[in-house]
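K.L.:
Here you go, sequence then predicted model.
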Amino acid sequence: MYRVLYRQYRPQTFAEVAGQRHVTSALSAELTGSRLAHAYLFTGSRGTGKTTCAKILSRAVNCENPAPNGDPCNECEICRGILEGTVLDVAEIDAASNNSVDNIRELKEEADFPPVRAKYRVYIIDEVHMLSIGAFNALLKVLEEPPEHVIFILATTEVHKIPATILSRCQRFDFRRILPEEIATRLAEVARSEGVSLTPEAALLIARIADGALRDALSLLDGAISVSPEVTEAVVSRAAGVADRSYLFQLADIVAANDTAAALRLLHTLYSGACDMERLCSELLFHFRNLMLTGTLPNARDLVVCTDAEYDEIKRQGALFNLPEAIRAIRVLERALGSMKFDSGKRLLMELALVKLCSADEEATPASKRIAPAATSNPPAPATGNITAPIASAVPIEAPPQPKNTPTAPISDEPNEPNEIAPQPQTVKAPTVPDTFWDSTLRIIAEKNPALSPLLRDSAAEINGGQCVIHSAHPALPMLAQTAINAASLESALESVCGKAIKFVISADAQAAPNPKADDDADPLDGLEESLFG
C-alpha cells in the first residue's frame, strides 16, 4: 500500500526535525545529561513536529544503543518494537476521543505497574486540551506524584485551554511555525528522493500556502505530484485550489471605481455559478488584507500567499487604497462575515457589504472617488434675501458652510428704507422628505423581505436628525426589526432610496398612517407568525 509523503518522510532523529532547533537541542542535552523530566508539554500550531518529537523522545529514553547526541539508534529491538507498535510500554492516546475521567483513571492504574520490556512507560497524550475538567483533575494527581518509571508527553495546539495546575508541572517547549525557506529546502530533498522535478518557485509557493506547517506542505506536494510529475507553480495552483481568483481583483477594481451596479451584477454572476457567499466574503476580506499589507509595507512578499503574477497585480491594486480605506473595507467585510454565521440571508448581507464598500464614506474615500474642488479666486457670496431651495431628491440637503471671512454689514442706528433690505446671511433649509420616500422603501422591502413587509403595514416614516424614525403601532415590530436580517433589509432599502447609509429607529406611537381598508377586527399580531417562521 502506498504511504503518503508526510508518513514516509517522518523524521526519525532529532537532527532530521526541520525548523525546531531550539527544541531538539534542549531535548538532546537532557538525554545526554540524564536530566529527564517526568512530564513534557509540546505546544504549537499544527504540522510543526510536536508528535514527531514526542515519538523520537519515547524511543530515545528507551534505546539500548543511543547515539552520543541522545538520538535513538532505531535499530535495536526496543526501537524497532516502538516503531512497529509492538512495545506496549509506549502508548499514544488521542485525548479527543479518550477525554473522560474514566480513561485517565485507567491510565493511572496502568501506570502504577513497571514497564514490561522498555526502561520507561511513556504516555503520549495528543490534543490534551480536549480532556474534560474531571479528566484534568485525575491527570493532575498522577503528575503530582508520578512513578519513577513513567514519562508523560502532552501535545496541544491550544495551550490556553490547559489548566495552570497542569502547566506548572510540565516542562514546556513551544514549537514555532517553520519558515518558508526551511520548508522549501525540505520539499526539495523529498522531491529528489521521489525522483520528481520540483521548481524552486513551486516549492516556495507550497511553503507559503502551508503557513508554517511542514506536514501540510508534504501533503500538498503529494497532491501536486498526482497532478503532474513535473511540479511547477501552475501545477501547485491547481492542486491547492488557488487558481482563477480573478473575481477578487475584479471586485476590488469595482470598489475603487465606486461602481455599485457593476459590483451587484458580478455578485449575481458568482451566485448563479454556485459561489458560496460566506467563502466569497472571507476571500475578499483576506484580499483586502493583502492590499493593506502591500500598500503599507515596502516589501510584503513573505506575508502574502500568492503567485508572483498575482503579487504584481496586488501591488497595483494596493496603490488604489490607502490605509484607512483598506481598514474600512476589512471592517465592513468582517461584520458581514460575522453576521453570515448566524443568518440564512448570506446573499443579502454580501450585497449590503458591497453597496457599503462602493459608497462614499465620511472617514475614508478612495482616491478614485475624490473630486477636487475647482480653484476660485473669490469666495462665494453669502445668500441674501428669501431663497427657496428646490427639492432635487428625497435626501435632505444640508446647508452649505458659510465663509469665515465674509464681511458683515455695519450696524446703523437709522432705520432702513422700506424698499431696502440689509444683506443677511441666510441658511438654506433642508427640504422635507416627500411621501414617496417611504413608499419606495416599502416596495423594496416587499420584494427583498416578504416576511418583514406585513409588519410595516400602516407605518409612516420621517428623516429626523440624520436618521429614519419609523412610526408604527405594531407591537412586534420593535423586537423583530432588530434581528440582523430584518435590520439589514431596512438599512439596504433606505440606502437604495436615499443614496446614503441611514440608520433607523422604531417609534411605537400612533402616528402611523391610517389604512382605510384595514379591518377593525384585525389581529394586532398579524404577520408575526410569518416573520418568525417564514
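P.N.:
Cool, the structure landed.
K.L.:
switch to C-alpha atoms for all contacts and neighbour counts from now on
P.N.:
OK.
K.L.:
what bits of the stretch 151-300 of the chain have low per-residue confidence?
P.N.:
Under the criterion pLDDT under 70, the flagged ranges of the stretch 151-300 of the chain are 241-244.
K.L.:
Strands of that one, residue ranges please.
P.N.:
For the stretch 151-300 of the chain, applying DSSP state E, counting those that start in this stretch gives strands covering 171-175, 197-198, 230-231.
K.L.:
Go through the longest one and flag the buried ones.
P.N.:
Of the residues in strand 171-175, those scored as buried under the neighbour-count criterion (16 or more other CA atoms under 10 Å) are R172, F173, F175.
K.L.:
And it, what does it pack against?
P.N.:
Under the contact criterion of 3 or more CA pairs under 8 Å, 6 or more residues apart in numbering; DSSP states H and E, strand 171-175 touches helix 21-32, strand 39-44.
K.L.:
E30 and T24 touch, don't they?
P.N.:
No: using CA atoms under 8 Å, E30 is not in contact with T24, being 10.0 Å away.
K.L.:
Looking at those two, which is more packed in?
P.N.:
Remark: of E30 and T24, T24 carries more neighbours, 21 against 15, as counted by other CA atoms under 10 Å.
K.L.:
Quick one: neighbours of the closest residue to that one other than its chain neighbours, just the number.
P.N.:
Closest residue to T24 apart from its sequence neighbours, by CA to CA, 6 or more residues apart in numbering: F14 at 5.6 Å. Residues lying near F14 (other CA under 10 Å) number 23.
K.L.:
Can you get me a residue count around R35?
P.N.:
The burial count assigned to R35 is 10, neighbours taken as other CA under 10 Å.
K.L.:
er, M340 I mean
P.N.:
21.
K.L.:
Enumerate every residue touching it.
P.N.:
Remark: with contacts taken as CA atoms under 8 Å, 6 or more residues apart in numbering, M340 is in contact with E278, K346, L349.
K.L.:
And the last one, how close does it get to V23?
P.N.:
What it means is L349. Distance of L349 to V23, given as CA to CA, to the nearest Å: 47 Å.
K.L.:
Which parts of this protein belong to which domain?
P.N.:
As assigned by automatic domain parsing, the chain contains the domains 5-175, 180-240, 246-361, 436-533.
K.L.:
Check the offset of the second one from the chain's centre.
P.N.:
If I follow you right, that is domain 180-240. On the basis of CA atoms, centre = their mean, to the nearest Å, domain 180-240 sits 26 Å off its chain's mean C-alpha point.
K.L.:
one step back: out of the strands of the stretch 151-300 of the chain, which gets nearest to R289?
P.N.:
With CA to CA as the measure, strand 171-175 is the member of the strands of the stretch 151-300 of the chain nearest R289 (26.2 Å).
K.L.:
Next, the angle from the closest one to strand 39-44.
P.N.:
Strand 171-175 and strand 39-44 are oriented at 20 degrees to each other (axes from the mean of the first three to the mean of the last three CA atoms, to 10 degrees).
K.L.:
what's strand 171-175 in contact with?
P.N.:
Outside strand 171-175, the residues that touch it by CA under 8 Å, 6+ apart are 20, 23, 37, 39-45, 48-50.
K.L.:
Partner strands of it, with direction?
P.N.:
Counting by DSSP bridges, the strands paired with strand 171-175 are strand 39-44 (parallel).
K.L.:
Can you give the contact residues for whichever helix or strand comes after the strand it pairs with?
P.N.:
Downstream of strand 39-44, the first helix or strand assigned by DSSP states H and E is helix 50-60. The contact list for helix 50-60 (CA under 8 Å, 6+ apart) reads 10-14, 17, 24, 27, 31, 42-44, 66, 70-74, 78-79, 82, 90, 122, 124, 126, 153, 155, 175.
K.L.:
Could you list which of those belong to helices?
P.N.:
Among these, the residues falling in helices (DSSP state H) are T24, L27, L31, I78, C79, I82.
K.L.:
Residue ranges in the stretch 301-450 of the chain under the pLDDT threshold?
P.N.:
Scanning the stretch 301-450 of the chain for pLDDT under 70 picks out the ranges 360-435.
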